[in-house]
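>>> Have a look; sequence and predicted model below, questions after that.
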Amino acid sequence: MKREDEPVDSGHRLGDLRDFDAQLLAAFSKTSAIEVAIYDSQLRFLAVNKAASAVPGIPPEAFVGRTIRDIIGDAAAEPEARLRRALVADEIPAAEITSVLPTRGELGYWILKSVPIRCQSGRVGQMVSLAVEVTAQRKLEKHFRKLGGELLWRKEQYQWLARELHDSINEYHAALGMSLDRLGGCTRNPEKIPELLAQSDFLDEHMRKLASAVARCFPIDRQH
């Protein structure tokens, strides 16, 4: 009989997951934006959702029983360090990490939130990680910041757009980090997750509208 304080890391089959873990993965199964992984106390994968499995391009079941380093090699250095830090901390805030995946060959950006799930004894039995890739947003941000600087030197009618670009970029990343922190707090209550997923979708829609506004107000793709 399994003791209440025993970490949930024996075996490495999807069937070993608790009902809660299955609910957590189910709650995130409909989003392609948030990558979810559940680890045992040795940071071996117990399960991932489809968004997480799409990053290295292998099926979810291929993760089970392996470490993140087994999956992506040296590219695991930064995310692995964050996960290990979370093992000895009550909880750490969402933070941006960078990595060059073997399948891509270019620098990628993610916002990562790691949440330790403790047994009654206080030991970490499992770890849940939530990640959102923001590589495309970082590229867009770099372009927007350059454009914003150019707009400040142009006609007055463009100056409001430069200020809007600057403020929106800062607000987007701050809000996304806060959303992941809040999602981390909901890992024990999957009923609250759909509401927060909707907030994440709202943030992405906000950035899309901002990009459209730039395209309409300033023909950045045209030669002058």
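On my side now, so go ahead.
>>> Could you list the domains of this structure?
14-134, 136-217 (automatic domain parsing).
>>> Return the member of the ones you listed having the minimum mean pLDDT.
Across the domains of the chain, domain 136-217 has the smallest mean pLDDT, namely a mean of 60.
>>> Show me which residues of stretch 68-80 are buried.
Neighbour-count burial for stretch 68-80, counted by 16 or more other CB atoms under 10 Å, picks out 68, 71-72, 75-76, 79-80. No exception for glycine: its C-beta is placed from N, CA and C like everyone else's.
>>> of those residues, closest to V134?
Distances from V134 to those, taken as CB to CB, are shortest for P79 (14.0 Å).
>>> Please tell me how far the nearest residue to that closest one once chain neighbours are set aside sits from D74.
Excluding its sequence neighbours, the residue lying closest to P79 (CB to CB, 6 or more residues apart in numbering) is I97, at 5.5 Å. From I97 across to D74, the span is 14 Å (CB to CB, to the nearest Å).
>>> May I see the buried residues of the strand or helix carrying P116?
Per DSSP states H and E: P116 is located in strand 107-118. Across strand 107-118, burial judged by 16+ other CB under 10 Å covers 108-117.
>>> list the helices and strands the following helix or strand past that strand packs on?
Next along the chain after strand 107-118, taking DSSP H and E as the criterion, comes strand 124-133. Secondary-structure packing of strand 124-133 (3 or more CB pairs under 8 Å, 6 or more residues apart in numbering; DSSP states H and E): strand 34-40, helix 77-87, strand 107-118, helix 156-185.
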